[in-house]
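Asker: A structural model of the following input is requested.
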Amino acid sequence: MVAGVVLLLSGLLITYLHSVSNFNLGRLPGDIRVRRGSFSFYFPITTCILLSILLTLVMYIFRK
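Answerer: The predicted structure is shown next:
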């Protein structure tokens, strides 16, 4: 239940920050974007790595 609340709060925070400022979590340098004609492919590799590091730190703090 705690993980669900954390995910809900982080989603609300990201939505709020995106609407208030120029907070582009999904469009960081290093994210892969390919557009060719009607085909588009997007893979947020840098965003995934950043979120993984942050979640690892949060889980480390909760385990202490």
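Asker: all helices for the chain, in order.
Answerer: Under the criterion DSSP state H, helices of the chain are mapped to 2-20, 45-63.
Asker: Which of the ones you listed comes out lowest on mean pLDDT?
Answerer: Across these, helix 2-20 has the smallest mean pLDDT, namely a mean of 77.
Asker: re the thing from before, TSV for the helices of the chain, including mean neighbour count and distance to G30?
Answerer: The C-beta positions use only the backbone N, C-alpha and C, and glycine is treated the same way. Output for the helices of the chain, formatted as TSV (neighbours: other C-beta atoms under 10 Å; distance: least, C-beta to C-beta, whole Å):
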stretch	mean neighbour count	distance to G30
helix 2-20	11	19
helix 45-63	11	3
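Asker: and of those helices, who's closest to I32?
Answerer: When those are compared by C-beta to C-beta, helix 45-63 sits nearest I32, at 6.0 Å.
Asker: Quick one: distance of the closest one to the chain centre.
Answerer: Put simply, helix 45-63 sits 10 Å off its chain's centre (C-alpha atoms, centre = their mean, to the nearest Å).
Asker: now stretch 42-50
Answerer: 8 Å.
Asker: Now that stretch - C-alpha only, CSV.
Answerer: What follows is stretch 42-50 as a C-alpha-only set of coordinates in CSV (Å, rounded to 0.1, in the frame of the first residue of the first chain):
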residue,chain,number,x,y,z
TYR,A,42,10.4,7.0,-28.5
PHE,A,43,12.5,5.3,-25.8
PRO,A,44,13.3,7.4,-22.7
ILE,A,45,16.5,5.7,-21.7
THR,A,46,17.9,8.6,-19.7
THR,A,47,14.6,9.1,-17.9
CYS,A,48,14.5,5.4,-17.0
ILE,A,49,18.1,5.5,-15.6
LEU,A,50,17.3,8.7,-13.6
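Asker: Good, we can wrap up now.
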